[in-house]
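Asker: Just a sequence and a predicted model for now, questions to come.
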Amino acid sequence: MQRRSFLAAAAAGLLPAAGKPKPNIVLILADDLGWSDIGCYGNKDIATPHLDRLATQGARFTQAYAACPVCSPTRASIMTGRYPVRTGVTDWIPGRKPDPKSPITTPLTARQLSLNERTIAECLKPAGYRSASIGKWHLGGEGFLPTDQGFDINIGGSHIGSPPPSGKLGSSYFGPFELPNLKAGPGESLTEKLTDAATSFIAQQKSNPYFVYLSHYTVHIPLQAREEDIDRYRARANGRYNPVYAAMRESMDQSVGRVMEAVEKSGAADNTLLMFFADNGGLRYEGKSPSAVTDNAPLRAGKGHLYEGGIREPLIIRYPGVVKAGTVIDTPVCSVDFLPTFAEMAGQKAADVDGVSLLPLLHGGQLRPRPLFWHYPHYSNQGGAPGSAIREGDWKLIEFHADGRRELFNLAEDPGEHRNLIRSQAKVADRLQAKLNRWRESTNAVMPARNPNADPAWPGFQLSGEEKPTPPQ
C-alpha cells in the first residue's frame with residue numbers, strides 16, 4: 001500500500017486499530033451457482049433463508065463479477081487478485097481440446113497455478129493468520145496443492161474439478177469416497193463433510209486470526225441430492241425448475257447457515273468478515289444435453305459465456321461494525337478485488353494486483369471509476385465462443401475471436417443483453433475497443449490463431465448452449 005493510501009485508509013478507520021485483534025475472514029465459494037439462484041436476488045421458487053439472512057445482516061452486491069465464465073481461472077483470480085490472463089490459467093484445468101477443423105486454434109491453459117503467484121494465504125501469513133483451504137481447489141495437483149501455496153491446512157482439495165468418484169461409480173456427492181484429509185462412508189454427503197470441517201476449524205481457533213476458504217463442489221454437476229429432499233421439491237416444481245438442482249441449492253444454503261452459527265458460537269462474530277460468492281454463472285446447458293440445469297433470467301446465457309449470465313455472481317459480505325446491515329451496493333466489482341480487500345483488513349500490502357480493496361464501499365463510500373476486463377480465448381463446454389470483453393460504466397463490449405463480430409450493450413437499459421448497439425453507438429464501441437486492445441497488449445494476452453486447416457463447412461460443436469449472434473442496431 002502506498003504511503004498516501006495508507007494514511008487515507010488509517011484516517012477513514014479502514015485499518016486494524018492498534019491493540020485490536022485482526023479480523024477473521026471466511027470466504028464461502030459456491031460452484032456454478034447463478035446470480036438469480038437465491039432468494040435475495042429475486043428467486044421466488046427456492047427458499048434460501050440463511051443466505052437471505054446473511055444479506056440482511058450485511059451488504060448485497062448487485063453487480064459483482066467473476067473474472068472468467070468458468071471455474072479455474074476465477075479461482076486463480078480470487079487467490080491472487082490478478083486477472084486470469086496474467087496467471088496463464090485462462091480455462092478450466094486441463095481445458096477443452098481445440099477442434100482441428102474450427103476457424104481458429106485456441107491456446108492451451110496453464111495446468112496449475114504457478115508457485116510464483118502470491119496467494120491470499122501467503123499474503124495473510126506475515127500478519128499471523130492461520131489459513132485453511134476446505135473443499136474444491138482445481139488449481140493443480142501434487143506440488144501445487146493449497147499447502148504448497150501458503151495454506152496451513154488442506155481438506156478435500158486436489159486437482160479435480162468435480163466431486164470425487166464413489167466406489168465403482170463415477171463422480172458423486174455421496175460416499176464412500178476419499179479426498180486429501182477427508183474420507184466419507186457410504187451415503188455421507190460431501191457438502192456436509194466439508195461444512196463439518198469448516199465449522200470444526202472455526203471452533204478450534206482461540207487466539208490467532210484465521211482465514212477459511214470453504215470452496216464447495218456444490219452445485220456443480222452431477223446433479224445429486226437426497227431422495228427425500230428431491231421429493232419435496234418435485235411435489236411443487238410444476239416444471240418451473242429442476243427439483244434436484246433445487247435440493248442442491250438447499251444444501252448449499254444450509255451449509256452457509258451452519259458456518260454462520262459456528263462463527264457466532266465462537267464469540268468472534270463481531271470481528272469476522274463472512275463472504276459468499278460463486279465462481280461463474282449458473283449452468284444452463286452442459287455439452288449436448290437438451291435439459292437445462294438452471295435459468296439465469298433476466299440475465300442472458302450462463303456458465304461458459306461472456307454474457308452476464310456467465311459472469312455476474314451473487315456476492316454477500318457481512319462485516320459487523322463496518323458494513324451497515326441491509327446495504328445494497330450497485331458498484332461493479334470483480335473477484336480480483338478480494339485479495340486486496342483482505343490484505344488491507346490485515347494491514348498487509350497487496351502487490352502487483354489488478355483488483356482494488358472493497359473496504360471503501362463497505363464503509364459506505366465509493367470506488368474510483370474503472371473498467372473491468374475479461375479474456376476467454378476458448379470454446380467452452382457450455383457453448384460459449386472465444387472472446388474478450390470490457391465493461392466501463394453502463395457499457396459492455398464483447399469481441400468474439402472466431403468471426404470478429406462485436407456486440408455492445410447498455411446494461412442499465414438492457415441487462416439481458418438483447419439489443420446490440422454496435423451500429424448506433426459506434427463511437428462508444430470504438431472507445432471501448434481501444435481500451436480492450438491496450439489492456440490485452442499490456443497483459444500479453446495470448447490470442448487464438450487463424451486455423452490454416454479450417455473446414456469452411458465446419459458445423460461447430462453443436463452444443464446445446466450455443467448462442468446466436470445478436471443482430472446489430
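Answerer: Good, I have the coordinates.

Asker: all strands for the stretch 101-250 of the chain, in order.
Answerer: Counting by DSSP state E, counting those that start in this stretch, the stretch 101-250 of the chain has these strands, from start to end: 104-105, 130-135, 153-155, 177-179, 182-184, 210-215.

Asker: so which of the ones you listed gets nearest residue 45?
Answerer: Of all the strands of the stretch 101-250 of the chain, strand 210-215 sits nearest to residue 45, with 25.5 Å by CB to CB. Every residue, glycine included, has its C-beta placed from N, CA and C.

Asker: Direction included, what does that closest one pair up with?
Answerer: strand 24-30 (parallel), strand 130-135 (parallel) (DSSP bridges).

Asker: any chance of the strands of the stretch 101-250 of the chain in JSON lines, plus mean neighbour count?
Answerer: What follows is those, written out as JSON lines (neighbours: other CB atoms under 10 Å):
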{"stretch": "strand 104-105", "mean neighbour count": "18"}
{"stretch": "strand 130-135", "mean neighbour count": "26"}
{"stretch": "strand 153-155", "mean neighbour count": "21"}
{"stretch": "strand 177-179", "mean neighbour count": "19"}
{"stretch": "strand 182-184", "mean neighbour count": "18"}
{"stretch": "strand 210-215", "mean neighbour count": "26"}
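
Asker: my read: residue 135 touches residue 156, true?
Answerer: Yes - with contacts counted by CB atoms under 8 Å, residue 135 reaches residue 156, the gap being 5.1 Å.

Asker: shared neighbours of those two, anything?
Answerer: residue 194 (CB atoms under 8 Å, 6 or more residues apart in numbering).

Asker: picking up where we left off before, which among the strands paired with strand 210-215 is found nearest to residue 361?
Answerer: strand 24-30 (16.5 Å).

Asker: average pLDDT for that closest one?
Answerer: Average pLDDT, strand 24-30: 98.

Asker: Then stretch 311-330?
Answerer: 97.

Asker: how about that stretch: buried residues?
Answerer: Residues 311-319, 322-323, 327, 329 are the ones in stretch 311-330 that count as buried (16 or more other CB atoms under 10 Å).

Asker: With secondary structure added, can I get those residues in CSV?
Answerer: Formatted as CSV, these follow (DSSP: H, G, I helix; E, B strand; the rest coil):
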residue, secondary structure
311, helix
312, strand
313, strand
314, strand
315, strand
316, strand
317, strand
318, strand
319, coil
322, coil
323, coil
327, strand
329, strand
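
Asker: Out of those, the closest to residue 372 would be?
Answerer: residue 311 (9.4 Å).

Asker: still on that earlier bit, could I get the strands of the stretch 101-250 of the chain in CSV, plus columns for distance to residue 386 and mean pLDDT?
Answerer: Shown next, in CSV, are those (distance: least, CB to CB, whole Å; pLDDT from 0 to 100):
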stretch, distance to residue 386, mean pLDDT
strand 104-105, 7, 95
strand 130-135, 29, 98
strand 153-155, 33, 98
strand 177-179, 33, 96
strand 182-184, 36, 96
strand 210-215, 27, 98
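
Asker: I'd like these as CSV, with distance to residue 287 appended.
Answerer: Formatted as CSV, the strands of the stretch 101-250 of the chain follow (distance: least, CB to CB, whole Å):
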stretch, distance to residue 287
strand 104-105, 21
strand 130-135, 25
strand 153-155, 30
strand 177-179, 24
strand 182-184, 28
strand 210-215, 24
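
Asker: Any idea which of the ones you listed gets closest to residue 473?
Answerer: Using CB to CB, these put strand 104-105 closest to residue 473, at 26.6 Å.

Asker: strands paired with that closest one, and their directions?
Answerer: Strand pairing for strand 104-105, using DSSP bridges, gives strand 449-450 (antiparallel).

Asker: now what about the strand it pairs with, what contacts it?
Answerer: 103, 104, 105.

Asker: run the last query once more with 6 Å
Answerer: Defining contact as CB atoms under 6 Å, 6 or more residues apart in numbering, one finds that strand 449-450 is touched by residue 105.

Asker: Closest to residue 55 out of the buried residues of stretch 311-330?
Answerer: Once CB to CB is applied, the member of those that ends up nearest residue 55 is residue 316, at 5.0 Å.

Asker: right, and that closest one touches residue 60 too?
Answerer: Yes - Residue 316 lies in contact with residue 60 (CB atoms under 6 Å); the separation is 5.4 Å.

Asker: in this protein, which ranges drop under the pLDDT threshold?
Answerer: For the chain, applying pLDDT under 70 flags the ranges 1-19.

Asker: How is it partitioned into domains?
Answerer: Split into domains by automatic domain parsing, the chain comes to 3-370, 373-450.

Asker: Among those domains, show me which one is buried the most.
Answerer: Compared across those, domain 3-370 shows the largest average neighbour count, a mean of 20 (mean count of other CB atoms under 10 Å).

Asker: Measure how far it is from the centre of its chain, please.
Answerer: 6 Å (CA atoms, centre = their mean, to the nearest Å).

Asker: Straight-line length of stretch 352-368, end to end?
Answerer: Taking CA to CA, to the nearest Å, the first and last residues of stretch 352-368 lie 18 Å apart.

Asker: Can you give the contact residues for it?
Answerer: Outside stretch 352-368, the residues that reach it (CB under 6 Å, 6+ apart) are 14, 81-83, 319, 322-323, 329, 331, 336-337, 340-341, 344.

Asker: quick one: which of those residues is nearest residue 472?
Answerer: Looking across the contacts of stretch 352-368 and measuring by CB to CB, the closest to residue 472 is residue 83, at 28.2 Å.

Asker: Please report how far the nearest residue to the closest one once chain neighbours are set aside lies from residue 375.
Answerer: In space, and not counting its chain neighbours, residue 83 is closest to residue 354: 4.9 Å by CB to CB, 6 or more residues apart in numbering. Separation of residue 354 from residue 375 (CB to CB, to the nearest Å): 12 Å.
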